[in-house]
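Peer 1: With the sequence up front, the predicted model follows.
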Amino acid sequence: MSFFRQHAAIISGIGTTVIFGAGATILYFRLAQVARELERLGATVASLKADFAELRERLSTSSGRRRKNPSFYSLATSSGDDDEEVYLDAYGGSDLESLKEVAAELQDNLNRTAGNLSGDDIFTRIDRLFDGENADQEEAYRLLLKSKARHPTDVEFLWRLSKACYLVSRIEGLRGNDERKKELLYMARDNASDALKLNDSCGNAHKWYAITLGSVGDYESTQNKIKNGFDIKKHIEKAIELSPGDPSNHHMLGRWCFSVYMLSWIERNLAATLFATPPTASVDDALKEFLEAERLNPGRWKENMLFIAKSYIEKRKYSEATEWLEKAERIEVKSADDEEHQFEIQQLLAKYRR
């Protein structure tokens, strides 16, 4: 799994928004076995279809009469003779419709099995889905919800559920479902908070609490956003302490610094009024963290490259900014976040490319 697809949804904040984004005769196989059975069944159905086509062609040139047996699949011939029937003795009397029913039942079992997976099994599957496109991320969310009752005190489960809620919120936002987006963001924050209560030494729990605490900023007062900013930074720094080689943690700290740097005059004065020591950061602080994230995960992270470019724009280094925007533009768009970032990249290129 590429790091980028696993961590693509990270962050927006303080002031503007710190993002912080499976009959009775069928056994219940484990998920991998069910998947293999479905593949074999699909091949069998495809083979049957090919056999039917061949038999139909042969039947159309045959003048012989065939006995009837209503328990077997009946196929009218191309000559229009309704008495002509094909027998599938080779398949033990099983017809295509029966096979389709078996396939559907196996799929139902696959869906049900997902809710009964052990922790390691479901985490492997979920992490692969996180690495996919929007439909995969939505499937990850559905599978986690089905399994939630089985993992009430599992920190590894809860931070993944937080991430899934965040990812789907971004998708719903692009669809214009703002109320659903808001609901999912608060769910994401609450699941991350529950994960932290279970294990304060889990770097991913700290990371996703920081991400989701910032993500609800669009629905909070400016005062709460500034107040939450201190907590966001504290959890980012703890995540870096616990997982220093995780590029997304450095990206998050860069986003925090960039957001503080971009505070409006009104927000700065409000922060000074509310806190004896208001948050401070420079664009160079932000750029340093973005470049560290790029060093740890080179050439694959569209969002991080975008913010490197935005930092250079703030420093009025437009040539460097354009270079990073062009690199970011070439990275494939796969997710809801990618779509948003690509749009902004193209807007900035239109403005700053010489």
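Peer 2: Right, received. Where do you want to start?
Peer 1: When you work out contacts or count neighbours from here on, use the C-alpha atoms and nothing else.
Peer 2: Fine.
Peer 1: any idea how far the nearest residue to Arg255 once chain neighbours are set aside is from Trp208?
Peer 2: In this structure, Arg255 finds its nearest non-sequential neighbour in Ala286, 6.6 Å apart by Cα to Cα, 6 or more residues apart in numbering. Relative to Trp208, Ala286 is positioned 20 Å away (Cα to Cα, to the nearest Å).
Peer 1: residues near Asp194, how many?
Peer 2: Look at Asp194: counted by other Cα atoms under 10 Å, it has 19 neighbours.
Peer 1: if I pick it, what's in contact with it?
Peer 2: Val155, Leu158 (Cα atoms under 8 Å, 6 or more residues apart in numbering).
Peer 1: How about the one 4 residues further on?
Peer 2: Each residue near Leu198 by Cα under 8 Å, 6+ apart is listed here: Thr153, Asp154, Val155.
Peer 1: Pipe the residues you listed into a markdown table and attach pLDDT and neighbour count per row.
Peer 2: Formatted as a markdown table, the contacts of Leu198 follow (pLDDT from 0 to 100; neighbours: other Cα atoms under 10 Å):
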| residue | pLDDT | neighbour count |
| --- | --- | --- |
| Thr153 | 93 | 15 |
| Asp154 | 95 | 15 |
| Val155 | 96 | 22 |
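Peer 1: So for Ala286 and Trp208, which sits in the more crowded spot?
Peer 2: More crowded of Ala286 and Trp208, by other Cα under 10 Å: Trp208, with 34 against 25.
Peer 1: Now the element after the helix or strand containing His206, going C-ward?
Peer 2: Using DSSP states H and E, His206 maps to helix 203-215. Going down the chain from helix 203-215, the next helix or strand is helix 222-242, by DSSP H and E.
Peer 1: List the buried residues of that following helix.
Peer 2: 222, 225-229, 232-233, 235-240 (16 or more other Cα atoms under 10 Å).
Peer 1: The helix or strand following it - what's its average pLDDT?
Peer 2: Counting by DSSP H and E, the next helix or strand C-terminal to helix 222-242 is helix 247-261. Mean pLDDT, computed over helix 247-261, is 95.
Peer 1: tell me what helix 247-261 is packed against?
Peer 2: Contacting helix 247-261 under the criterion 3 or more Cα pairs under 8 Å, 6 or more residues apart in numbering; DSSP states H and E are the following elements: helix 222-242, helix 283-296.
Peer 1: Columns mean pLDDT on top of the ones you listed, output as JSON lines?
Peer 2: Formatted as JSON lines, the helices and strands packed on helix 247-261 follow (pLDDT from 0 to 100):
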{"stretch": "helix 222-242", "mean pLDDT": "91"}
{"stretch": "helix 283-296", "mean pLDDT": "98"}
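Peer 1: Quick one: low-confidence residue ranges for this structure.
Peer 2: Applying pLDDT under 70 to the chain picks out residues 1-120.
Peer 1: can you rerun that using 90?
Peer 2: Low-confidence segments of the chain, defined by pLDDT under 90: 1-122, 131-133, 150, 174, 218, 221-227, 229-230, 263-280, 334-338, 354.
Peer 1: How is it partitioned into domains?
Peer 2: Domain assignment for the chain, taken from automatic domain parsing, gives 3-22+115-352, 23-114.
Peer 1: Tell me how many other residues surround Ile266.
Peer 2: 11.
Peer 1: Quick check: which element contains it?
Peer 2: helix 265-274.
Peer 1: That helix: which residues count as buried?
Peer 2: So helix 265-274, judged by 16+ other Cα under 10 Å, has buried residues Glu267, Arg268, Ala271.
Peer 1: returning to that earlier point: in contact with the residue nearest to Arg255, which residues?
Peer 2: Residues in contact with Ala286 (Cα under 8 Å, 6+ apart) are Leu253, Gly254, Arg255, Trp256, Cys257, Phe258, Ser311.
Peer 1: Leaving out sequence neighbours, find the closest residue to the second one.
Peer 2: With Cα to Cα, 6+ apart as the criterion, Gly254 has its nearest non-adjacent residue at 4.1 Å, and that residue is Ala286.
Peer 1: quick one: the one you found from Ser193, how far?
Peer 2: 26 Å.
Peer 1: among the contacts of Ala286, who's most crowded?
Peer 2: Trp256 (33 neighbours).
Peer 1: Distance-wise, check that residue relative to Ile232.
Peer 2: 8 Å.
Peer 1: Asp284 now?
Peer 2: Applying Cα to Cα to Asp284 and Ile232 gives a distance of 19 Å.
Peer 1: One more: Asp127?
Peer 2: Taking Cα to Cα, one finds Asp127 at 25 Å from Ile232.
Peer 1: go on, Asn297?
Peer 2: Taken as Cα to Cα, the span from Asn297 to Ile232 is 23 Å.
Peer 1: And Leu263, by the same measure?
Peer 2: Taking Cα to Cα, one finds Leu263 at 16 Å from Ile232.
Peer 1: Check Ile308 too.
Peer 2: Counting by Cα to Cα - Ile308 and Ile232 are separated by 21 Å.
Peer 1: Next: Glu139.
Peer 2: 29 Å.
Peer 1: How about Trp265?
Peer 2: The value you get for Trp265 to Ile232, if Cα to Cα is used, is 21 Å.
Peer 1: Having no further points to raise, I will conclude here.
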